[in-house]
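Q: Sequence first, predicted model second:
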Amino acid sequence: MVKTYDAAVIGGGIIGMATAYYLTRHNLKVAVIERKYPGSGSTGRCIGGIRQQFSTPGSIRMMVESLKLFSEMKEELGRSVEFHQGGYLFLAHTPQMVEVFKKNIEIQKKENLNVSLLSPEEVLKVVPELNIDGLLAGAYCPEDAQAFPFAVLDGYREKIVEKGSDIFMENPVTNIQQGKNFTVTLSDGTLIEAPKVLLSAGPWTHELGKLVGLDFPMYPERHEAAITERIPKFLEPMVVDYRPDGCYFHQLITGQVIVCYTPVPTVPGIREDTTFEFLPQVAWRMKRLIPELKNAAILRNWAGSYTMTPDGNPIVDETPIKGFYVASAMCGHGFMFGPAIGKNMAGFMTEGKWTLDFSEFAMNREFKGKESMK
Ligand SMILES: Cc1cc2nc3c(=O)[nH]c(=O)nc-3n(C[C@H](O)[C@H](O)[C@H](O)COP(=O)(O)OP(=O)(O)OC[C@H]3O[C@@H](n4cnc5c(N)ncnc54)[C@H](O)[C@@H]3O)c2cc1C
């Protein structure tokens with residue numbers, strides 16, 4: 001069966017769903033095609049952090065817009081997405097990291113971010129329970145935030161369907177052909193025809209790109225996470241410990257503490273299996289920072305992917321194939337980037353120009369440099 005749309009979006013993670021939502025605001029009829037269900041990829045495995053503290057003007061400006069869009073979602077999507085501005089607190093335990101913070105804060109202040117370099121004593125005013133042994137400084141922005149990924153996806157889903165667009169679930173793309181329009185084949189044999197296609201399949205983007213002869217410089221890595229039982233609310237910001245044996249965690253408005261760390265060395269591949277090392281390690285790392293957490297029971301542990309590029313920035317662009325777009329490789333920041341990328345990508349796909357400067361995310365960039373607020 002052939003179905004015709006104005007645009008096809010491959011992947012129902014935050015990037016695909018946000019872009020599809022904004023495409024429908026431009027009155028396009030959209031097909032979102034999802035291998036399983038929205039959120040089944042990285043988005044449903046993320047810990048919901050939203051921050052503006054990045055090291056380049058492009059990422060900072062994008063995040064200022066994204067944070068604003070998150071803050072308006074309750075009204076726009078007609079449901080709570082558990083948006084809460086508890087801030088982000090980055091910790092520096094080495095003089096080198098203090099210098100990185102100082103340099104970034106200079107750039108961030110030029111973009112009018114309310115960010116400060118805190119002494120260990122000032123850090124204690126933000127998180128009184130923190131163990132400041134060895135701490136040299138903190139970088140803090142109280143307006144950074146958190147939200148609940150599944151609520152955001154569900155809000156977009158409702159609005160996409162309400163506008164008469166379709167979401168195909170449990171139906172992976174198996175082929176993409178180029179003719180006058182693109183023809184996207186789904187596993188049940190449905191053919192989707194559309195003049196525009198967005199490939200936003202998270203860690204699967206590289207493999208799907210090969211269907212049209214594209215070789216994107218991106219690679220997935222496994223990241224594990226865990227969540228504790230509910231405990232009385234004591235922690236406002238996301239705490240990010242940049243030591244090689246550090247971790248990052250925050251407390252949801254519902255009381256659970258949710259935590260991740262980046263393994264050294266990193267673990268390549270699309271891996272959703274968890275390890276025996278992670279649980280005792282993450283418990284030790286959290287307890288080192290907040291000793292009171294020693295009594296918090298961890299309820300669950302899972303794994304998902306960060307899709308990385310050589311410079312730590314995403315790829316968001318039209319590909320060399322006219323009408324074929326890519327928005328992927330969010331390098332661990334896709335949930336927070338989602339609304340702004342979706343809005344700007346939908347504008348670019350319909351009007352042919354960017355509203356924000358997305359040149360830092362261009363496909364033909366040199367991939368030099370590195371985002372230092374990883
Ligand atoms: C443990 C962990 C913690 C994280 N914490 C944060 C955080 O605090 N803040 C933040 O901003 N980011 C965080 N991230 C990163 C964030 O989750 C990702 O960057 C983001 O979800 C990427 O979204 P996406 O839409 O690009 O990809 P995905 O969410 O992976 O969506 C891609 C979709 O494509 C679908 N798909 C795949 N193949 C096909 C096919 N053949 N046909 C159709 N559909 C297909 C998949 O099923 C999937 O649903 C975290 C990630 C992990 C793993």
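A: Structure received.

Q: Low-confidence bits of the stretch 251-374 of the chain, can you list those?
A: Within the stretch 251-374 of the chain, the ranges that satisfy pLDDT under 70 run 372-374.

Q: What ranges does it have for its strands?
A: 256-261, 267-268, 298-308, 315-318, 324-328 (DSSP state E, counting those that start in this stretch).

Q: Give the other helices and strands that the second one contacts.
A: Identification of packing neighbours for strand 267-268 by 3 or more Cβ pairs under 8 Å, 6 or more residues apart in numbering; DSSP states H and E yields strand 219-230. C-beta coordinates here come from the backbone N, C-alpha and C atoms, glycine included.

Q: Could I get the CA-only coordinates of the strand it packs on as CSV?
A: This file holds the C-alpha atoms of strand 219-230, laid out as CSV (Å, rounded to 0.1, in the frame of the first residue of the first chain):
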residue,chain,number,x,y,z
TYR,A,219,29.3,6.2,16.5
PRO,A,220,27.2,4.9,19.4
GLU,A,221,28.5,4.3,22.9
ARG,A,222,26.8,2.6,25.9
HIS,A,223,25.8,4.6,28.9
GLU,A,224,24.3,3.1,32.0
ALA,A,225,21.9,4.8,34.5
ALA,A,226,20.2,4.0,37.7
ILE,A,227,17.3,5.3,39.9
THR,A,228,16.8,5.2,43.6
GLU,A,229,13.7,4.8,45.6
ARG,A,230,11.8,8.0,46.5
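
Q: follow-up on the earlier one: which of the strands of the stretch 251-374 of the chain sits closest to residue 104?
A: Among these, the nearest to residue 104 by Cβ to Cβ is strand 298-308 (20.0 Å).

Q: List the buried residues for that closest one?
A: 298, 303, 304, 305, 306, 307, 308 (16 or more other Cβ atoms under 10 Å).

Q: Check stretch 104-121 too.
A: Neighbour-count burial for stretch 104-121 [16+ other Cβ under 10 Å]: 104, 105, 107, 108, 111, 113, 115, 116, 117, 118, 120.

Q: Nearest spatial neighbour of the residue of the stretch 101-250 of the chain found nearest the ligand, chain-adjacent residues omitted?
A: Here the residue of the stretch 101-250 of the chain nearest the ligand is residue 202; by Cβ to the nearest ligand atom that distance is 2.4 Å. Closest residue to residue 202 apart from its sequence neighbours, by Cβ to Cβ, 6 or more residues apart in numbering: residue 41 at 4.5 Å.

Q: wait, doesn't the one you found sit right on residue 205?
A: No: contact criterion Cβ atoms under 8 Å: residue 41 and residue 205 do not qualify, at 10.3 Å.

Q: Quick check: the gap between residue 336 and residue 53.
A: Distance, residue 336 to residue 53, using Cβ to Cβ, to the nearest Å: 11 Å.

Q: Name the residue in these two with the higher neighbour count.
A: Remark: of residue 336 and residue 53, residue 336 carries more neighbours, 28 against 25, as counted by other Cβ atoms under 10 Å.

Q: Report the contact partners of the spatially closest residue to that one that is not a sequence neighbour.
A: Setting aside the residues directly before and after it, residue 336 is nearest to residue 50 in space (Cβ to Cβ, 6+ apart), at 4.2 Å. Neighbouring residues of residue 50 by Cβ atoms under 8 Å, 6 or more residues apart in numbering: 63, 66, 67, 70, 144, 145, 146, 147, 335, 336.

Q: part of a strand, is the fourth one?
A: No: assigned with DSSP: H, G, I helix; E, B strand; the rest coil, residue 70 falls outside any strand and is helix.

Q: Quickly note the distance from it to the ligand.
A: 11 Å (Cβ to the nearest ligand atom, to the nearest Å).

Q: Equivalent analysis for the last one, please.
A: Plainly put, residue 336 is 4 Å away from the ligand if you go by Cβ to the nearest ligand atom.

Q: Confirm for me that that residue is in contact with residue 66.
A: Yes: assessed by Cβ under 8 Å, residue 336 is found in contact with residue 66 at 5.9 Å.

Q: tell me the secondary structure for the closest residue to residue 292 other than its chain neighbours?
A: Nearest residue to residue 292, sequence neighbours excluded (Cβ to Cβ, 6+ apart): residue 129, at 5.4 Å. Look at residue 129: counting by three-state DSSP, its state is coil.

Q: Okay, buried residues for the lengthiest helix in the chain please.
A: Identified as the longest helix of the chain according to DSSP state H is helix 334-351. Residues 334-350 are the ones in helix 334-351 that count as buried (16+ other Cβ under 10 Å).
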